[in-house]
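>>> Structure, please.
(2 chains, ligands or ions: 2)
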Amino acid sequence: MKHVRDTWLIFQYEAALQVRNPVGVAITLIQPITYLLLFTPFLKAVMDVPSYGSAFQVYVPSLFTATGVFNGFFAGFALLAAIRQGVVTRSRVTPVSRISLLLGRLFMHALLIEFQAIVVTVAAVAFGLRVRFGDLLLALVLLAMIVLLSASVGYALALLVPNEGSLGTLINSIAQPVALLAGVLIPLSVAPLWVRDVAYANPFAWGTNAMRSIFQGDPGADVVWQSFLITAVVATAAVILTSRLFNRELA
Amino acid sequence: MIEASGLRKSYRTRRRGKVTVVEAVRGVDFSVQQGAIFGFLGPNGAGKSTTLQMLATLLRPDSGDATIAGADVRRDPGEVRKRIGFVAQTSGTYLNSTGRRDLILEAQMYGASRATAARLADRVIESFQLKDFVDRQIGTYSGGQRRRLDVALGVIHSPQVIFLDEPTAGLDPPSRARMWQEVRRLRDEGMTVFLTTHYLDEADTLCDRVSIIDRGRIVAEGTPSDLKREISGDVVSVDLAAPDTAGAPEPATVLEAAKVLAEQACVESCEIIEHTLRLYTDSAATAIPQIMRALSAKGIEPGAIETRRPSLDDVFLAKTGRTLAD
Ligand SMILES: Nc1ncnc2c1ncn2[C@@H]1O[C@H](COP(=O)(O)OP(=O)(O)O)[C@@H](O)[C@H]1O
Ligand SMILES: [Mg+2]
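Ligands and ions are numbered 1, 2, ... in the order given. Predicted coordinates:
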């Protein structure tokens, strides 16, 4: 109970600060819309599909995963900022639950990314995307789990390389191949066989495939429950490992 | 209230593959009475913050033990956290938050309900007089206002012990005086205060007891007046830089003067600090004529002579051979 209560406490404090930051909110809104506006015309031409609606049907689910992966990996910068400003130290001397300091922040990132995903969906629906409400909710739940995983990884990287400059380079060199191997930029169906084999080991690739099935109106497909299961297991492991790293020096 | 024995901590840092080990704290012992202001005095890098972080459960000691208000730092860190407050050397707040929001969060982190937290926040806003700025963004506060908020955050749950890491570093004189007032008030309300400082006057006038720490070791411990009493007599400072020659004297001259003065019967010991000699004497009144005679016999003309009562800096100098003053 205490863990839940404290996680909520940290979550609502961190989230409220984000919402009160107008620049941050503007970027959160503009970023996905830009992707959508710039990328979809290409996609429509390349995929040779009749309408924007059908291009979105493929692109929006992969944009869900892409935002989840990239923003999650870069979440470590927020942790470094909190550490530099002494906020983490200040909360650590209180009896607040140790895991809540991590989970509350991870949920805050999940909330921001959900918000982006909703903005994207609303914009895409205006351009002809069709998705059932229940399917959308399912996709958002999966997205939240994907963010828990990617943001844990982002936090772990920041704790291992606590230097903004090197961290940026490191994240870029990891996030690009991970995203490629998740098929968020180019569908894995056009990739050579060995790439597809490697992608099996990438939980985010399962996420992308599951997202596509959900948006195609087939939430009952095997890949959907498989992806939920894989993401849940890997995300739990990632949170536990990152929490160890986060608390390693504490008494 | 606080007992520490044999606390040690070293840091391992890796640069270009080479591992260097810094022994930050090399076995410190102390005990702090309830209701006292205990000061940890030492230069930068002495190991003050590291010690404080071990006491506050932020760092695991390599060895040694500490108990705070009966709770063991290693075995029962959760219990320690409930009984202490801690104000780090650098503030622990986001610049775009407000004082009130952070005060409420802080009380909630100690388990208070939202309503209780708001009430506790009001109480410290009143006692630390934060009302005028507490609802503004923290980024707009002055240094003194920010530090007062930090301390208010640290004591919002009325801990038995409050740790303050350099509470007045970098503050202007009025803000420092104000902070001293707050610290005394906390003590008078029954809190045990453990603070670190590198300011001599702060240790001397604010603290009931002082431990002097240098290079990870405690070199002296006691009340400020007891510590100074160990250095008997008067301190005579002889500045060898002549005012008319505008510049430092030859190092050889300084050494020669030190040698001849150290031989004088009235001088107990002599320390060289750049071009000033600090002489420890029984009584300045009888020592000064002798000093003058001895110097002029060697043809050395001092620029200025000054006498004063011993300070904590003299204690530090006597124990470490270096001065704290700069
Ligand atoms: N995180 C750290 N990593 C490596 N060395 C450190 C770290 N923190 C402190 N040190 C070193 O340990 C010594 C003691 O530091 P500190 O406890 O901060 O001293 P003080 O607070 O008295 O200035 C210094 O030499 C400092 O450089
Ligand atoms: Mg320090």
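>>> mind checking how far residue A:79 is from residue A:109?
When distance is defined by CB to CB, to the nearest Å, residue A:79 is 10 Å away from residue A:109. C-beta here means a position set from N, CA and C on the backbone, and glycine is covered the same way.
>>> and residue B:167, how many neighbours?
When neighbours are defined as other CB atoms under 10 Å in any protein chain shown, residue B:167 has 26 of them.
>>> residues contacting it?
B:87, B:147, B:150-151, B:179, B:183, B:195, B:197 (CB atoms under 8 Å, 6 or more residues apart in numbering or on different chains).
>>> re the thing from before, give me the common contacts of residue A:79 and residue A:109.
With contacts defined as CB under 8 Å, 6+ apart, no residue is adjacent to both residue A:79 and residue A:109.
>>> Residue A:33 and residue A:114, how far apart?
16 Å.
>>> Low-confidence stretches in chain B?
Counting by pLDDT under 70, chain B has low-confidence residues at B:242-247, B:325-326.
>>> what are the ranges of the helices in chain B?
Remark: helices assigned in chain B by DSSP state H are B:48-55, B:77-83, B:99-109, B:114-127, B:143-155, B:173-188, B:200-206, B:224-230, B:251-262, B:284-297, B:312-320.
>>> elements contacting the second one?
It refers to helix B:77-83. Contact here means 3 or more CB pairs under 8 Å, 6 or more residues apart in numbering or on different chains; DSSP states H and E; on that basis helix B:77-83 packs against strand B:71-72.
>>> Can you show me the helices along the stretch 51-200 of chain A?
All helices of the stretch 51-200 of chain A, identified by DSSP state H, counting those that start in this stretch, fall at A:52-73, A:76-84, A:87-92, A:98-126, A:133-160, A:164-181, A:193-200.
>>> Name the nearest residue to the residue nearest the centre of chain A, ignoring sequence neighbours.
Among the residues of chain A, residue A:68 comes closest to the average C-alpha position under CA atoms, centre = their mean, at 1.9 Å. Spatially, and ignoring its direct neighbours in sequence, residue A:68 is nearest to residue A:146 (4.0 Å; CB to CB, 6 or more residues apart in numbering or on different chains).
>>> Enumerate every residue touching that neighbour.
A:65, A:68-69, A:72, A:204, A:207, A:231, A:235.
>>> By neighbour count, which of these wins?
Note: the member of the contacts of residue A:146 with the most neighbours is residue A:68, at 34 neighbours, neighbours being other CB under 10 Å.
>>> Kindly provide the distance from it to residue A:217.
Where residue A:217 is concerned, residue A:68 sits at a distance of 21 Å (CB to CB).
>>> Likewise for residue B:56?
In this structure, residue B:56 and residue A:217 are separated by 56 Å, where distance is defined by CB to CB.
>>> Between these two, which has more neighbouring residues?
A direct count of neighbours by other CB under 10 Å for residue B:56 and residue A:217 places residue B:56 higher, at 26 against 12.
>>> residues contacting that one?
A:93, B:80-81, B:84, B:86, B:163.
>>> Kindly recompute the last result at 10 Å.
By CB atoms under 10 Å, 6 or more residues apart in numbering or on different chains, the residues touching residue B:56 are A:89, A:92-93, A:251, B:68, B:73, B:77, B:80-81, B:84-88, B:161, B:163, B:165, B:194.
>>> Can you report how many residues neighbour residue A:102?
Per other CB under 10 Å, the neighbour tally for residue A:102 reads 24.
>>> One more: residue A:220?
The local packing of residue A:220 (other CB under 10 Å) involves 9 other residues.
>>> Just grab the bridge partners of the residue most central in space within chain B for me.
Centrality entry for chain B: nearest residue to the mean C-alpha point is residue B:197, 1.9 Å, by CA atoms, centre = their mean. Residue B:197 has these beta-bridge partners by DSSP bridges: residue B:41.
>>> Next one: it from residue B:59, what distance?
Per CB to CB, residue B:197 is found 20 Å from residue B:59.
>>> what do you get for residue B:274?
Taking CB to CB as the measure, residue B:274 falls 37 Å from residue B:59.
>>> Neighbour count: these two, which is higher?
Applying other CB under 10 Å to residue B:274 and residue B:59 shows that residue B:59 carries more neighbours, namely 21 against 13.
>>> any idea how far ligand 2 is from that one?
13 Å (CB to the ion, to the nearest Å).
>>> Then residue A:149?
When distances are taken as CB to the ion, residue A:149 and ligand 2 turn out to be 38 Å apart.
>>> Please name the spatially closest residue to that residue (chain neighbours excluded).
The spatial neighbour of residue A:149 that comes closest, neighbours along the chain excluded (CB to CB, 6+ apart), is residue A:235 at 3.9 Å.
>>> just residue B:206 next, same as before
Using CB to CB, 6+ apart and skipping residues adjacent in sequence, the residue nearest residue B:206 is residue B:180, 5.3 Å away.
>>> That neighbour against residue B:193, yeah?
No - distance between residue B:180 and residue B:193: 11.0 Å, which falls outside the contact criterion (CB atoms under 10 Å).
>>> Identify the contacts common to the two.
Common neighbours of residue B:180 and residue B:193, using CB under 10 Å, 6+ apart, are B:37, B:167, B:206.
>>> domains of chain B?
When chain B is parsed into structural domains using automatic domain parsing, the resulting residue ranges are B:2-228, B:234-309.
>>> List the residues that contact residue 118.
This is for chain A. For residue A:118, the contacting residues are A:32, A:136, A:140, A:143, taking CB under 10 Å, 6+ apart as the criterion.
>>> nope, chain B
By CB under 10 Å, 6+ apart, the residues touching residue B:118 are B:100, B:103-104, B:107-108, B:112.
>>> rerun that using 6 Å as the cut-off
Residue B:118 makes contact with residue B:104, according to CB atoms under 6 Å, 6 or more residues apart in numbering or on different chains.
>>> Of the contacts of residue B:167, which pair is most distant in space?
Comparing every pair within these by CB to CB identifies B:150 and B:197 as the most remote, at 15.2 Å.
>>> From residue B:146, how far out is the residue of the stretch 151-300 of chain B at minimum distance from ligand 1?
Nearest residue of the stretch 151-300 of chain B to ligand 1: residue B:196, at 6.4 Å (CB to the nearest ligand atom). In this structure, residue B:196 and residue B:146 are 18 Å apart, going by CB to CB.
>>> So which of the two has more stuff around it?
Summary of the neighbour comparison: residue B:196 and residue B:146, criterion other CB under 10 Å, with residue B:196 having more neighbours (26 against 19).
>>> Contacts only, for the more buried one.
In this structure, residue B:196 makes contact with B:40, B:48, B:165-166, judged by CB under 6 Å, 6+ apart.
>>> Next: residue A:161.
Taking CB under 6 Å, 6+ apart as the definition of contact, the neighbours of residue A:161 are A:167, A:170.
>>> Residue B:233 touches residue B:285, doesn't it?
No - between residue B:233 and residue B:285 no contact is recorded; they are 10.5 Å apart, counting by CB atoms under 6 Å.
>>> Tell me which residue of chain B lies closest to chain A.
With distances taken as CB to the nearest CB, chain B approaches chain A most closely at residue B:92, which sits 3.0 Å away.
>>> Could you tell me how many residues sit around that residue?
Each residue near residue B:92 was counted by other CB under 10 Å, and the total is 23.
>>> I'd guessed residue A:188 sits against residue A:195; true?
No - contact criterion CB under 6 Å: residue A:188 and residue A:195 do not qualify, at 7.0 Å.
>>> wait, does stretch B:6-13 contact chain A?
No - when contact is scored as CB under 6 Å from any CB of the partner chain, no part of stretch B:6-13 falls within range of chain A; the minimum is 10.2 Å.
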